[in-house]
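> coordinates only, sequence not included:
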């Protein structure tokens with residue numbers, strides 16, 4: 001596979017600085033040490049190859065290819081590593097995870113990441129899903145206080161350091177290490193970890209109770225000062241924050257829409273040489289200018305183990321500084337065209353076997369089949385129930401309506417499929433078959449005009465995809481009218497939509513990212529991500545059973 005490499009351009013100011021620091025001619029050029037970083041971000045416990053839209057990546061040729069899966073991550077890491085390599089990560093390694101990992105409080109995923117050599121990671125917002133005490137348990141070891149030890153026995157703790165320079169307790173000290181130092185090829189490299197300061201707004205209050213999330217740049221600069229006191233001048237910032245990019249962007253393109261990630265990458269202490277980011281699940285390799293006017297590498301590697309970021313650079317052995325002109329970044333898609341790593345395959349299979357009992361657990365009951373059979377308007381009973389579940393899962397973030405993409409509903413729930421549990425019983429495994437993609441739920445603010453525009457995007461030159469609405473949203477369609485003018489009579493909670501008013505709209509991250517051509521979703525503001533869609537669906541089934549097929553009256557017309 002041909003891979004495009006990004007060369008960090010070096011300006012005249014850098015050349016001048018090197019000239020000033022140069023040794024006498026008799027001393028010769030300063031010796032250097034080569035260092036390679038390999039990084040992952042937003043793994044979210046995807047030990048098995050993710051499926052659907054979450055299981056593909058845009059490669060260097062612009063093609064969408066199957067990507068991800070722990071056995072393939074391990075194989076690609078082995079291929080890319082050399083003796084000068086350090087492997088790191090940028091948070092959300094756990095939380096919002098598939099059942100194989102989530103059922104055991106993500107111990108399998110943290111174990112896997114340690115096995116493949118991760119040595120340091122920033123914390124992400126999802127590391128706080130179960131609270132700071134659970135995060136410390138994952139770091140340090142011990143059995144879960146409620147569920148006890150997993151089938152693997154007492155948890156020994158992560159083999160890597162979680163870093164949290166901007167997550168402060170009431171005494172203003174970080175809850176975990178703010179930085180760490182690693183020696184490779186005879187030189188020292190410092191790593192700082194920070195998480196988005198918006199974490200309190202996207203995590204349950206219980207998860208961050210008693211914690212303060214400081215500004216990312218301010219915290220990174222404090223940590224950089226501590227590293228400089230220890231004469232560490234090669235510094236990498238691992239930051240769980242990032243930017244958005246245009247849909248379909250190739251892995252090594254930059255093209256970011258400058259936002260929170262770019263601010264951090266530009267403003268952090270000039271001693272920081274590399275900024276590896278995450279959180280937004282995007283792929284990019286960029287160059288930004290640091291406060292001293294020098295180029296600095298800034299990158300992100302998608303999510304779910306679909307991309308590995310490689311960064312190569314040289315360190316001046318005399319000064320300990322990174323030679324900025326040597327910085328190169330390359331995002332590698334974790335393709336499934338290579339042989340999977342056998343040891344990791346066996347490891348994942350062990351956890352698949354262990355989770356089988358959970359898959360057979362009853363989660364609710366239905367009174368009749370919930371199917372994907374559409375009404376004349378395109379509405380389905382199962383789609384409606386899922387939309388209601390998604391609305392319920394995001395009400396805490398102000399969601400007023402929810403919309404579900406029909407292609408994400410992958411199987412019917414049939415009344416007689418309960419097996420030994422009896423007719424009408426829905427097992428976790430059956431619910432998982434309905435929503436197997438492990439998409440994250442989210443909510444954005446759209447104006448009434450934008451909500452109307454989203455609904456008009458149900459028709460394209462390729463055909464139609466009717467979004468499934470929650471019970472709070474009603475509208476009328478008329479297929480005889482021109483594309484772009486087929487929706488009317490939109491109401492939210494029975495009140496006509498005001499084009500100028502704002503509405504909080506819930507959907508999965510596939511739709512929020514513009515999937516299936518619903519690009520207006522990307523214009524939404526104040527995005528907050530929530531649980532995995534399946535988790536919301538299961539919680540709704542459990543709380544509202546028995547569930548009957550709803551009347552198909554949310555979409556009128558034909």
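In hand now; what should we look at? These figures come from a predicted structure and were not determined experimentally. Numbers count the residues shown, from 1 in each chain.

> contacts, neighbours, all on C-alpha from now
OK.

> can you pull out the strands in the stretch 1-150 of the chain?
Under the criterion DSSP state E, counting those that start in this stretch, the stretch 1-150 of the chain contains strands at 6-7, 32-40, 56-58, 64-66, 85-89, 118-122.

> tell me which of these sits most buried.
strand 118-122 (a mean of 26; mean count of other Cα atoms under 10 Å).

> so what touches that one?
86-91, 159-164, 180, 191-195, 238-240 (Cα atoms under 8 Å, 6 or more residues apart in numbering).

> among the residues you listed, which ones are in strands?
Judged by DSSP state E, the subset of the contacts of strand 118-122 located in strands is 86-89, 161-163, 180, 191-195, 238-240.

> those residues: which two are farthest apart?
Longest distance between any two of those is 20.7 Å, between 86 and 195; criterion Cα to Cα.

> how far does stretch 106-120 stretch from start to finish?
In stretch 106-120, first residue to last residue: 17 Å (Cα to Cα, to the nearest Å).

> wait, residue 436 touches residue 51, no?
Yes - using Cα atoms under 8 Å, residue 436 is in contact with residue 51, at 7.3 Å.

> which one's more surrounded, those two?
Neighbours were counted for residue 436 and for residue 51 using other Cα atoms under 10 Å; residue 436 has more, 20 against 16.

> for the more buried one, which residues are in contact?
51, 410, 534.

> so the second one touches residue 431, yeah?
Spelled out, it's residue 410. No - counting by Cα under 8 Å, residue 410 stays clear of residue 431, with 10.0 Å between them.

> which of the two has more residues huddled nearby?
More crowded of residue 410 and residue 431, by other Cα under 10 Å: residue 431, with 22 against 13.

> okay, that one: pLDDT?
For residue 431, the pLDDT comes out at 94.

> which residues does the helix or strand hosting it contact?
Using DSSP states H and E, residue 431 maps to helix 428-434. If you take Cα under 8 Å, 6+ apart as the criterion, helix 428-434 is touched by 358-363, 409-413, 534, 537-538.

> distance to residue 346, pLDDT and secondary structure added to the residues you listed, as TSV?
Listed next are the contacts of helix 428-434 as TSV, based on distance: Cα to Cα, whole Å; pLDDT from 0 to 100; DSSP: H, G, I helix; E, B strand; the rest coil:
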residue	distance to residue 346	pLDDT	secondary structure
358	20	83	helix
359	20	82	helix
360	22	87	coil
361	25	91	coil
362	28	94	strand
363	29	95	strand
409	30	92	coil
410	28	84	coil
411	29	85	coil
412	32	92	coil
413	32	94	strand
534	26	93	helix
537	30	97	helix
538	29	96	helix
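
> what is the nearest of those residues to residue 226?
residue 534 (43.2 Å).

> ok, that closest one - contacts?
Counting by Cα under 8 Å, 6+ apart, residue 534 makes contact with 431-432, 435-436, 438-439.

> now swap in residue 218 and tell me
residue 268.

> check which helix or strand it maps to.
Following DSSP H and E, one finds residue 218 within helix 216-229.

> still on that earlier bit, just the buried subset of the ones in strands among the contacts of strand 118-122, written out for ChimeraX, thanks.
Entered in ChimeraX, the line below selects the buried ones among those, by 16 or more other Cα atoms under 10 Å:
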select :86,87,88,89,161,162,163,180,191,192,193,194,195,238,239,240
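
> ok, so of the ones in strands among the contacts of strand 118-122, who is nearest residue 223?
residue 192 (6.6 Å).

> could you find the closest non-adjacent residue to that closest one?
residue 179 (4.4 Å; Cα to Cα, 6 or more residues apart in numbering).

> and the strand ranked longest in the chain, how far out from the chain middle?
Determined from DSSP E, the single longest strand within the chain is strand 322-333. On the basis of Cα atoms, centre = their mean, to the nearest Å, strand 322-333 sits 23 Å off its chain's mean C-alpha point.

> partner strands of that strand, with direction?
In the sheet containing strand 322-333, its partner strands are strand 6-7 (antiparallel), strand 307-316 (antiparallel), by DSSP bridges.

> the longest one to strand 85-89, inter-axis angle?
Computed by axes from the mean of the first three to the mean of the last three Cα atoms, to 10 degrees, the angle separating strand 307-316 from strand 85-89 equals 130 degrees.

> hmm, who's touching strand 307-316?
With contacts defined as Cα under 8 Å, 6+ apart, strand 307-316 is touched by 30-40, 57, 67-68, 73, 77, 187, 234, 283, 299-301, 321-324, 326-334.

> buried ones among the residues you listed?
Buried residues within the contacts of strand 307-316, defined by neighbour count using 16+ other Cα under 10 Å: 32-40, 57, 67-68, 73, 77, 187, 234, 283, 299-301, 321-324, 327-334.

> ok, back up a step: now the helix holding residue 218: mean pLDDT?
98.

> pLDDT weak spots in this structure?
1-27, 204, 417-422 (pLDDT under 70).

> residue boundaries of the helices in it?
Counting by DSSP state H, the chain has helices at residues 12-21, 70-80, 99-102, 107-115, 132-140, 199-202, 216-229, 260-267, 342-359, 381-394, 428-434, 448-456, 509-512, 533-544.

> now distance to residue 154 too, for the ones you listed, in CSV please.
Output for these, formatted as CSV (distance: least, Cα to Cα, whole Å):
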stretch, distance to residue 154
helix 12-21, 52
helix 70-80, 23
helix 99-102, 16
helix 107-115, 10
helix 132-140, 11
helix 199-202, 30
helix 216-229, 33
helix 260-267, 38
helix 342-359, 15
helix 381-394, 32
helix 428-434, 26
helix 448-456, 49
helix 509-512, 35
helix 533-544, 26
